[in-house]
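>>> Quick one, fold the following:
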Amino acid sequence: MPEKRFFRTLWSLTRPYWVSDKRAVGLTLLATVIGLALMGVWIEVQFNTWTREMYNSFESKDGAEFWRQLGKFGLLALLYIINAVYRLYFQQMLLIEWRTWLTEKYLADWLKDRTYYRMQLLDRGTDNPDQRIAEDLKLFVEETLTLSLGLLSALVTLLSFVAILWVLSGSLEILGIEIPGYMFWVALIYAIVASLLAHLIGKPLVDLNFNQQRYEADFRFSLIRLRENSEGVALYRGEASESAGFHTRFASVIGNWWGLMRKRKQLAWFTSFYAQLAILFPYIVAAPRYFSGKIPLGEFFQIASAFGQVQTALSWFIEAYPLFASWKATVDRLTGFAEAMERVRAQHLEGERTETDASGLSLGALELSLPNGATLLAPTSMTLKKNEPVLVSGPSGSGKSTLFRALAGIWPYWKGRIELPKGEKLLFLPQRTYLPIGTLKHAVCYPATNEDTISDEAAREALVAVGLDRFADDLQRSENWTQVLSGGEQQRLAFARALLYRPDWLFLDEGTASLHDAAERELYELLRTRLRNTTIVSIGHRESLAQFHERRLVWKSDGEASRLAAVPA
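Reported below is the predicted structural model:
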């Protein structure tokens, strides 16, 4: 059943934090918040008793009792305020702790085994993983705590006031049958009927909230894409096309929002009518006993107050339904994201990638394919020798970059065997240099997790060596370096990374495509001089690259399949 599956996935999403090594802090905070919630219910019970005594003092015109009850009210009000403030404070502290743990877990799962990359290839149906981590996790923790603590308070309130209402409401005889605690039964039937109607009216809100989060994320992502690619759009004069895309995505946001508005309006009509009727309902039901003289004025108002508390507790689902719909959509998005990550990690890769004691890099019947099953490379076997520079060339789109992705272990569509030299460092420089936002030193030291292991002097020297000497004194300057550096400068920075990382094997995918021939020659000579023990494997179209390599592999079409063929460098 869908309900069983939902609760099973909800449990898998909620449970891990409460059994983790951080559970002690979480459980302590949860116990504190629950204790304050229970204290809040106790204060409400005291207010209920105060209502009876205060109105009885009016009826008996007892001035001394009136002032005594005012003092009691002041004390209860002070306790109520202190309880409310600290309950909110500790609940927010718990929210921070839980959200921090969940965010770290989801980030680790997303980055593990390059799941973030494989999801783009294997599971395109999971939209906006960034929004699910940044926004949905926040909403999940907030709404889970609000709903669960609200439900707990409602249950405790119900148990506390049922006894009061049962005793005070007395019995009602209908058709010769005496019904004890009749006001409780009236409140129960009233709330059950209203809850069922609220569910029928508000059920579509779950899907509408799910879609709203997706459309909002799509629109926000399109804006970020423009900011990241502002120069390209400006050069193409693509403002009109971008504007059309923005309007299309925003139209989805607004269209779904109108659906939410209409459904919320329908639910608001019902809940508002229900809430207003609930104010008068207990007075109407209790009035016959008061006017018959069976109960005094104070008890009349106490019954009305107790009935209101019971009815509110029983009606918790009605009041919380809009929040519940949002929470359900958030849970669906997070569980879908978690399942997608598990699914792509569990997919079996037919290729075997291992490390051996051999000095070279071997390919055994390596076959590359596209996601649609089309073959890029027919089964190919060869060995790349240590310290033998190799140039891989061929037509654009033939699969050269995909070969590098397979060697790096990130391409899932391949068969055969890849044997790498054990314990040796590999560095892959993609065609488009990735530059993280932050200091220039962080950018040049990437992917080092701790840039402090590389001295400022070494980083400056590497920048000067690759021709970026004008930035050598800007190591602590923070920028979006993709927008600061030209394409050629970004490729120079990638060479600086290679000098700092000193890999055993260096793979360059069109590493000098944005540079002129003289700069290309300088950088390759720099690698040859500074990285004498590094084996260089390059992808490139330029014939000028052949002079820097001892071996050349050309991607050639052979009927329906393509093969790598060795030709003289």
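>>> What residues sit buried inside stretch 374-389?
Going by neighbour count (16 or more other Cβ atoms under 10 Å), the buried part of stretch 374-389 is 375-378, 380, 384, 386, 389. The way it works is simple: take the backbone N, C-alpha and C, and place the C-beta from them, glycine included.
>>> Most widely separated two among these?
375 and 386 (29.7 Å; Cβ to Cβ).
>>> SS state for residue 537?
Assigned with DSSP: H, G, I helix; E, B strand; the rest coil, residue 537 falls in the strand class.
>>> residues near it, how many?
Number of residues near residue 537 (other Cβ atoms under 10 Å) recorded here: 24.
>>> Doesn't residue 432 belong to a helix?
No - assessed by three-state DSSP, residue 432 does not belong to a helix; its assignment is coil.
>>> Quick check: phi and psi on it?
phi -100, psi 110 (degrees, to the nearest 10).
>>> What residues does residue 439 make contact with?
451, 475-478 (Cβ atoms under 8 Å, 6 or more residues apart in numbering).
>>> Tell me the secondary structure of residue 379, please.
With three-state DSSP as the basis, residue 379 sits in strand.
>>> what's the pLDDT at it?
Residue 379 is assigned a pLDDT of 88 by the prediction.
>>> again with the one 4 residues further on
According to the model's per-residue confidence, residue 383 sits at a pLDDT of 90.
>>> And for residue 236?
65.
>>> mind checking the end-to-end distance for stretch 450-457?
16 Å (Cα to Cα, to the nearest Å).
>>> tell me which residues of it are tucked away?
Buried, per 16+ other Cβ under 10 Å, within stretch 450-457: 451, 454.
>>> export the contacts of residue 439 to TSV and tack on secondary structure and distance to residue 329?
Shown next, in TSV, are those (DSSP: H, G, I helix; E, B strand; the rest coil; distance: Cβ to Cβ, whole Å):
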residue	secondary structure	distance to residue 329
451	helix	40
475	coil	45
476	coil	44
477	coil	42
478	strand	37
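>>> possible to save those as TSV with pLDDT?
Converted to TSV, the contacts of residue 439 look like this (pLDDT from 0 to 100):
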residue	pLDDT
451	74
475	92
476	92
477	92
478	91
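>>> For PyMOL, write the select line for the buried members of the residues you listed.
PyMOL command restricting the contacts of residue 439 to the buried ones, with burial defined by 16+ other Cβ under 10 Å:
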select buried, resi 451+475
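>>> ok, now which ones touch the nearest residue to residue 394 once chain neighbours are set aside?
Of all residues beyond its chain neighbours, the one nearest residue 394 is residue 555 (2.6 Å), with distances taken as Cβ to Cβ, 6 or more residues apart in numbering. By Cβ under 8 Å, 6+ apart, the residues touching residue 555 are 377, 392-395, 398-400, 562-564.
>>> Kindly recompute the last result at 7 Å.
394-395, 398-400, 562, 564 (Cβ atoms under 7 Å, 6 or more residues apart in numbering).
>>> go on, residue 440?
471, 474-475, 477, 481.
>>> These: which two are farthest apart?
475 and 481 (11.9 Å).
>>> Could you check how far residue 430 is from residue 510?
Noted for residue 430: a distance of 9 Å to residue 510, by Cβ to Cβ, to the nearest Å.
>>> Likewise for residue 314?
Taking Cβ to Cβ, one finds residue 314 at 68 Å from residue 510.
>>> Ok, residue 437 next?
For residue 437, the distance to residue 510 (Cβ to Cβ) stands at 24 Å.
>>> And the two? Which one has more around it.
residue 510 (20 against 12).
>>> from what I can see that one touches residue 540, true?
Yes - here residue 510 reaches residue 540: they are 5.9 Å apart, a contact under Cβ atoms under 7 Å.
>>> On the three-state scheme, residue 533 is what?
Under three-state DSSP, residue 533 comes out as coil.
>>> Let me know the pLDDT of it.
In this model, residue 533 carries a pLDDT of 92.
>>> same deal with the one 3 residues further on?
At residue 536 the predicted local confidence, pLDDT, stands at 95.
>>> just checking, what packs against the strand or helix carrying residue 115?
Assigned by DSSP states H and E, residue 115 falls within helix 115-122. Judged by 3 or more Cβ pairs under 7 Å, 6 or more residues apart in numbering; DSSP states H and E, helix 115-122 is in contact with helix 316-346.
>>> Quick one: name whatever helix or strand follows the helix it packs on.
strand 352-356.
>>> Show residues contacting the helix or strand that that following strand is followed by.
Per DSSP H and E, the first helix or strand lying C-terminal to strand 352-356 is strand 361-369. Applying Cβ under 7 Å, 6+ apart, the contact partners of strand 361-369 are 375-384, 399, 402-403, 406, 413-421, 505.
>>> got a list of what residue 386 touches?
Applying Cβ under 7 Å, 6+ apart to residue 386 gives the contacts 359-360, 535.
>>> In ChimeraX, how would I select the buried members of those?
Per 16+ other Cβ under 10 Å, the buried members of those correspond to this ChimeraX selection:
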select :360,535
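>>> what bits of this protein have low per-residue confidence?
In the predicted model, the chain carries pLDDT under 70 at residues 1-3, 124-125, 170, 172-176, 230-232, 235-236, 348-350, 558-561, 568-569.
>>> Quick check: can you list the domain ranges of it?
Under the assignment automatic domain parsing, the domains of the chain span 2-346, 352-567.
>>> quick one: the longest helix anywhere in the chain to helix 316-346, angle?
Looking across the chain with DSSP state H, the single longest helix is helix 239-291. Direction vectors for helix 239-291 and helix 316-346, defined by axes from the mean of the first three to the mean of the last three Cα atoms, to 10 degrees, enclose an angle of 140 degrees.
>>> C-terminal to helix 239-291, which secondary structure element comes first?
Remark: after helix 239-291, the chain's next helix or strand is helix 297-314, criterion DSSP H and E.
>>> Counting neighbours, show which residues of that next one come out buried.
Quick answer for helix 297-314 (16+ other Cβ under 10 Å): 298-314.
>>> same deal with stretch 39-53?
Within stretch 39-53, the residues that count as buried by 16+ other Cβ under 10 Å are 39-41, 43-53.
>>> which among those gets closest to residue 65?
If you rank the buried residues of stretch 39-53 by distance to residue 65 using Cβ to Cβ, residue 53 comes first, at 7.3 Å.
>>> Could I get the contacting residues of that closest one?
69, 298.
>>> what's the answer for the one 10 residues further on, then?
With contact taken as Cβ under 7 Å, 6+ apart, residue 63 is in contact with no other residue.
>>> mind running it again at 10 Å?
residue 57 (Cβ atoms under 10 Å, 6 or more residues apart in numbering).
>>> Residue 275 versus that one, what's the distance?
Taking Cβ to Cβ as the measure, residue 63 falls 36 Å from residue 275.
>>> do the same with residue 155
From residue 155 to residue 275 the distance is 20 Å (Cβ to Cβ).
>>> and the helix or strand where residue 163 lies, what other elements does it pack with?
Element membership for residue 163 (DSSP H and E) is helix 137-169. If contacts are counted by 3 or more Cβ pairs under 10 Å, 6 or more residues apart in numbering; DSSP states H and E, helix 137-169 sits against helix 2-18, helix 23-60, helix 63-111, strand 177-180, helix 182-202, helix 239-291, helix 297-314, helix 316-346.
>>> Now with 8 Å, please.
For helix 137-169, the packing partners by 3 or more Cβ pairs under 8 Å, 6 or more residues apart in numbering; DSSP states H and E come out as helix 23-60, helix 63-111, helix 182-202, helix 297-314, helix 316-346.
>>> Mind listing what's buried along it?
Going by neighbour count (16+ other Cβ under 10 Å), the buried part of helix 137-169 is 137, 139-147, 149-150, 153-154, 156-158, 160-162, 164-166, 168-169.
>>> now the angle between helix 316-346 and it, please.
Between helix 137-169 and helix 316-346, the angle comes out at 150 degrees (the same axes, to 10 degrees).
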